[in-house]
Each structure stands twice: as C-alpha cells, then as structure tokens.
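In: Below: sequence and its predicted model.
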Amino acid sequence: MSADAIRDGRTALGIEFGSTRIKACLVDADDPATVLAVGGHAWENSFADRTWTYPLDEVWTGLQSAFAALVADAEARYGARPDTFGSIGVSAMMHGYLAFDEDDRLLVPFRTWRNTTTGRASAALTEAFGVNIPLRWSIAHLHQAILDEEPHVPEVRSLTTLAGYVHAALTGRKVLGVGDASGMFPIDSATGDYDAALVDRYHALVADRMPALDLRMLLPEVLAAGEPAGELTVSGAALLDPTGALRPGIPFCPPEGDAGTGMVATAAVAPRTGNVSAGTSIFAMVVLERPLSRVHHELDLVTTPAGDPVAMVHCNNGASELAAWAGMFGRFAQASGTPVDDDAVFEVLFREALDGDADAGGLLAYNHLAGEPIAGLAEGRPLFVRTPDSRFTLANAMRAQLYGVFGTLALGMRVLDDEGVALDRMFAHGGMFRTVGVAQRFLAGALDAPVAVGETASEGGAWGIAVLAAFLSRADDTDLSAYLDDHVFAGARIGVVDPDPADVAGFADYLDRYRAGLVVEAAAVAAL
C-alpha cells in the first residue's frame, strides 16, 4: 500500500527548481508512474543591475516550503508522514553562472540562463571550438567575465549550475549529471565527460589572460544517469527539513537540468525521439542519430541524462506573456463581479482559440520578455501587432498568443528540418498542455508532426527527476531508455494529436509574418 511505501521509504523524491515554481514530487520507487504526493512554492526571478537573478537565500526558503507542502500532502492523503526516502534527485534550470571562491562563497549574484550579455564570449568560443556555444552556457559567462576583466575572476575556484549548487549543499559532492554538465561546457559523448580537446583549446585561448586557469578543477565531476552521486548529510537534512524529522543517509542520483528531466518525463531519450518543454522558457530536444552537417547558432548540442547527443532549440521566452494575458482576463472577470479561478480562465481562453482562424486572423504576438538569440534580439519587448485589415477577435487574439509561444521555437525547428533530422515522436509537457487538445494541437501544426502528451505532463521535470532517482536501484540491470519503456511508461495513458493540414498551413503563414515582423521587435528594442 502507498502508506506503507511512504513509511518504509520505498519511494523516490524529485525536487526541481523551475523558473516560476519550486516543485517536489514523491513517487513509488517500485512504480514510478504513481505520484504519491506533491508540494510547491512560487518564486520569480528579478532583474537587478541589468542581470536576471535569484537570491540564493530564496533557494532554501523555497525548497523548505515545497518540501513541507509535500510532507503535508502525503500525510493528508495517506496518514503517513515521510521521514526518509529510497532516493532523492535534484533538478533545476540549466546553464547560467554560479561562481564560488575557495571557501564556497558566492562571488557575484547568480546569473541565470535568461541573461544575454555574453555575446562577445559566445562568438569567440564558437569560432575557437567549431561548436555552437550559446549565450547562456556557463563557459560563455566565465569567458565574458574574463574578457571584461571582472575583479572576481582570479578568485574563482569552482563553477556549477543551480542543480549542482543545491546538490552539493545537501550531499557535500560537487557533481553534475551529464545532461546538465553539457550546458556548462561541451561533452564528448564517447567518453561521457567534458571534451578534453576543447578543454585544452580553451586553456590555450586564455593563456595570456589567465595562465593559471584549469577548467578541470573548476567544473563539477560528470556522472551519467544511474550512477550514485552521494548521500544526504546531517547538515543537508537540516537544510531540506528544518523540523529535524528527516533522516540523513538517503542516496542521491546525479543532479540534472530541466532539459534532461523533461526528456525523462516524456520518455524521449532514444534516437529519433524528441520533446518540447514549455514554461517560462520553451525548448525542444531531439535525440540525434548522426552528427549535424555544420554549426547552427539556433541549435545547441547537449546530451540526454545517459550521455547521448541531442540537438536543442532553446528559447528564452515561453508562456509568461500568455499567462499575463490570462491574468488580465481573470482580473476583468473579477472586476465584473463574476470571479473565476486561474485554471478556468485558461480553459475558457484556450477553448476560444480553437474558433480562431488558422492563421490567427493576421494578428501577431511576440512573447519576448527577455532577449531572444534565435530571433536576433539582445533584449525583449513583448508586442501584440495587427494591421487595419486583420480580424481582431478574442479567438484570433488567443490563437495568436498561443502561436506566439511556439514562434521562435519553430524558427529553430525549421533548421533541424533542413538538416534532415527525422522524428518518430515528439512529446510535450508543461502547464500549458493541461487543457486537453489545444496547445497540443497548435504545436502539432507548428511542427507539422504528431505531438503526444502524457498523463504526467503537468508534473513535468519534478516527476522526471523523481524517476531518475528511482532508476538508481535499477541501473545495474537495464539502461535508461529500456527502464522508461518497460517500467515507467508501459501502462501510461498518452494522447497523440496528428497535425491538422489547415493548422499547418495557417501556422506557416503566421510564421512568415512573424519572421518579417521581427524588424518591428528590433525597432522597439532600439527605441524603448
């Protein structure tokens, strides 16, 4: 029974730091498809001194809040209060810059994936490596700090991601899952470690400026899914659960990035599979059968949690602007004397979008709250644009907003199409797919490919990292792909939507206007 599993610790706990929520998800270790309890805590990034950041003290207050909510949920559902788990995993937003000195003190405020201030570094590294190095990668942030001669650089003794930071505080081990590590520095899939030749090339590149720099000492150790990554320490248990009830000694899986946990949550870790994850950002991951023919600035080369090569289309802007519009309509309902809850607002607006024209009636929506490298924008300016002859209805406005979430992503996916990359299935997850058959249908039209959504879609990466934690006890017997197919998704309810030809044609028209209208976005950035 579930209560016995919770009391006996036959469970796996997943914790994920998303862009707007910190989530905790508890699953049955013997049946990871079964979610036993959940907890969450809302948080938000801030734009301080022209840097997107999160204060690290909010990491811990938020984590403790989410954990306490999960414990309370388990007790309310089953009358069982967990004080141990079979395993734990931590996931978080990938990339960014967390730099520490020899005493593990943070040297500069956390620079998240959302920052686009590393243009010179990104260009220089891409040229030097012959591999696309996106603006948000940790090595781009380090190199930009070196180019700018920031005073903290000589004191840097370790770099990590948000997941790596939390994991180290809970276990004492400075390690990363290979998927998360692949957003810090390029990975050699043959070795499952940082690309040794590129490490040496980087040392040569900065020899005049930083002759003593050694990336091998700065970067976390790389581990693949299923490898043990430490245990919960006494101090870590107190950090996670200040009540003192949680027992130390619980094993951890390697900490992973949100891209990797999204792939796990959608069973998209084998070649010719892919997934789309939509939240504050939106990105697509496609597992490759063969290397790409050349470097594309629209595509990152990362890995699955098992270390297999992946092409990633990452967009800094996802569903935040859509949520802002929904919030406005929710406030209208409240002001009119007929308040409705947030879920109902989304449900009504999404259903209304189904009645819109296939091309959104000539309307355009740009969701760029932050800069968007794929679109050539250093800063964001959310815009809603129409012409005098466009068909300005609520249905078209909402379809345009939903299309806008997928606009920049579609630009990058067109590059994969041109490379001849084949897909057998594309899975989607994230809160916007909770309204059945709407965002899923529009994404199928945008990609001109079948899109699947599973019943765990709304749990997302927190569930994905819980599954990776559960995989710890099975890794000696099977690989990750087989584990997902045979033990996690074998009985899952998955709904597949094939692309509607009218949606495909309509979105193609929308994307042509979207691409042409980027000059309006650029003008807005220049003027405002």
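Out: Perfect, thanks for sending it. Numbering: from 1, shown residues only.
In: What segments of the stretch 301-450 of the chain are helices?
Out: Using DSSP state H, counting those that start in this stretch, the helices of the stretch 301-450 of the chain run over residues 320-335, 342-353, 394-418, 439-447.
In: now those in a markdown table, with mean neighbour count and distance to residue 163?
Out: Where you see a C-beta, it was placed from the backbone N, CA and C, and this is true even at glycine. Shown next, in a markdown table, are the helices of the stretch 301-450 of the chain (neighbours: other CB atoms under 10 Å; distance: least, CB to CB, whole Å):
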| stretch | mean neighbour count | distance to residue 163 |
| --- | --- | --- |
| helix 320-335 | 16 | 21 |
| helix 342-353 | 18 | 28 |
| helix 394-418 | 23 | 23 |
| helix 439-447 | 25 | 27 |
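In: For stretch 439-451, the averaged confidence score.
Out: On average, the pLDDT along stretch 439-451 is 94.
In: right, I mislabeled it, should have said stretch 258-268
Out: Mean pLDDT, stretch 258-268: 89.
In: With only the CA atoms kept, save it in CSV.
Out: Extracted as CSV, the C-alpha positions of stretch 258-268 are listed here (Å, rounded to 0.1, in the frame of the first residue of the first chain):
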residue,chain,number,x,y,z
ASP,A,258,15.4,20.8,-16.7
ALA,A,259,16.1,19.7,-20.3
GLY,A,260,17.2,16.3,-19.2
THR,A,261,14.3,15.8,-16.7
GLY,A,262,11.9,16.9,-19.5
MET,A,263,13.3,14.2,-21.7
VAL,A,264,12.8,11.6,-19.0
ALA,A,265,9.3,12.9,-18.2
THR,A,266,8.4,12.3,-21.9
ALA,A,267,10.3,9.1,-22.5
ALA,A,268,12.3,10.9,-25.1
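In: Nearest spatial neighbour of the most centrally placed residue in the chain, chain-adjacent residues omitted?
Out: With distances taken as CA atoms, centre = their mean, the residue of the chain nearest its centroid is residue 258 (3.6 Å). Excluding the flanking residues, the one nearest residue 258 by CB to CB, 6 or more residues apart in numbering is residue 461, at 4.9 Å.
In: where does that neighbour land in three-state SS?
Out: helix (DSSP: H, G, I helix; E, B strand; the rest coil).
In: again, but for residue 15
Out: Residue 15 - assigned by three-state DSSP - is strand.
In: quick revisit: out of the helices of the stretch 301-450 of the chain, which comes closest to residue 206?
Out: helix 394-418 (29.9 Å; CB to CB).
In: Next, the angle helix 320-335 makes with that closest one.
Out: 170 degrees (axes from the mean of the first three to the mean of the last three CA atoms, to 10 degrees).
In: tell me the angle of helix 394-418 relative to helix 439-447?
Out: Angle of helix 394-418 versus helix 439-447, following the same axes, to 10 degrees, is 50 degrees.
In: Report the mean confidence score over helix 394-418.
Out: pLDDT averaged over helix 394-418 gives 96.
In: Check which helices and strands the longest strand seen in the chain is in contact with.
Out: Scanning the chain for the longest strand, with DSSP state E as the assignment, gives strand 31-42. Secondary-structure packing of strand 31-42 (3 or more CB pairs under 8 Å, 6 or more residues apart in numbering; DSSP states H and E): helix 2-8, strand 21-28, helix 56-78, helix 460-471.
In: Reformat these as TSV; add mean pLDDT, mean neighbour count and distance to residue 308.
Out: Below are the helices and strands packed on strand 31-42 laid out as TSV (pLDDT from 0 to 100; neighbours: other CB atoms under 10 Å; distance: least, CB to CB, whole Å):
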stretch	mean pLDDT	mean neighbour count	distance to residue 308
helix 2-8	94	17	32
strand 21-28	96	25	24
helix 56-78	97	18	30
helix 460-471	94	31	15
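In: I'd like to know which of these is closest to residue 339.
Out: strand 21-28 (22.8 Å).
In: which secondary structure elements does the closest one contact?
Out: Using 3+ CB pairs under 8 Å, 6+ apart as the test, strand 21-28 ends up in contact with helix 2-8, strand 11-17, strand 31-42, helix 56-78, helix 460-471.
In: And the next helix or strand past the last one?
Out: Read it as helix 460-471. Once helix 460-471 ends, the next helix or strand along the chain (criterion: DSSP states H and E) is helix 480-483.
In: Next up, the contacts around the closest residue to residue 79 other than its chain neighbours.
Out: Counting by CB to CB, 6+ apart, residue 79 lies nearest to residue 3, which is 6.2 Å off, once chain neighbours are set aside. By CB atoms under 8 Å, 6 or more residues apart in numbering, the residues touching residue 3 are 78, 79, 80.
In: in which helix or strand would I find the closest residue to residue 11 other than its chain neighbours?
Out: Distance criterion CB to CB, 6+ apart; nearest residue to residue 11, sequence neighbours excluded, is residue 85 at 5.1 Å. Using DSSP H and E, residue 85 maps to neither a helix nor a strand.
In: Who are the contact partners of residue 85?
Out: Applying CB under 8 Å, 6+ apart, the residues near residue 85 are 9, 11, 12, 13, 26, 250.
In: any chance of those in JSON lines, plus distance to residue 153?
Out: Below are the contacts of residue 85 laid out as JSON lines (distance: CB to CB, whole Å):
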{"residue": "9", "distance to residue 153": "44"}
{"residue": "11", "distance to residue 153": "43"}
{"residue": "12", "distance to residue 153": "39"}
{"residue": "13", "distance to residue 153": "37"}
{"residue": "26", "distance to residue 153": "41"}
{"residue": "250", "distance to residue 153": "36"}
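In: so what's the backbone phi/psi at the nearest residue to residue 178 once chain neighbours are set aside?
Out: Distances taken as CB to CB, 6+ apart put residue 307 closest to residue 178, at 4.6 Å, once the chain neighbours are dropped. Per-residue torsions, residue 307: phi 100, psi 0 (degrees, to the nearest 10).
In: Can you read off the pLDDT for residue 307?
Out: Looking at residue 307, the pLDDT reads 94.
In: Max pairwise distance over the contacts of residue 85: which two?
Out: 26 and 250 (12.6 Å).
In: Quick check, residue 202 in contact with residue 215.
Out: Yes - contact criterion CB atoms under 8 Å: residue 202 and residue 215 qualify, at 6.1 Å.
In: so residue 435 touches residue 347, yeah?
Out: Yes - Residue 435 lies in contact with residue 347 (CB under 8 Å); the separation is 5.5 Å.
In: on that earlier part again, next, the residue nearest to residue 11: phi, psi?
Out: The phi/psi pair for residue 85 (degrees, to the nearest 10) is phi -140, psi 160.
In: Now do it against residue 21, distance only.
Out: According to CB to CB, to the nearest Å, residue 85 and residue 21 sit 21 Å apart.
In: any idea which element the nearest residue to residue 227 once chain neighbours are set aside lies in?
Out: In space, and not counting its chain neighbours, residue 227 is closest to residue 254: 6.1 Å by CB to CB, 6+ apart. Using DSSP H and E, no element contains residue 254; it sits outside every helix and strand.
In: residues contacting residue 254?
Out: By CB under 8 Å, 6+ apart, the neighbours of residue 254 are 89, 175-178, 180, 223-225, 227, 229, 305, 468.
In: now, which of those lie within strands?
Out: Using DSSP E, these in strands are 89, 175, 176, 177, 223.
In: most neighbours, which of the residues you listed?
Out: The residue in those with the most neighbours, by other CB atoms under 10 Å, is residue 177 (35 neighbours).
In: Reformat the ones in strands among the contacts of residue 254 as a markdown table; add pLDDT.
Out: Listed next are the ones in strands among the contacts of residue 254 as a markdown table, based on pLDDT from 0 to 100:
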| residue | pLDDT |
| --- | --- |
| 89 | 98 |
| 175 | 98 |
| 176 | 98 |
| 177 | 98 |
| 223 | 98 |
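In: Alright, I will stop here.
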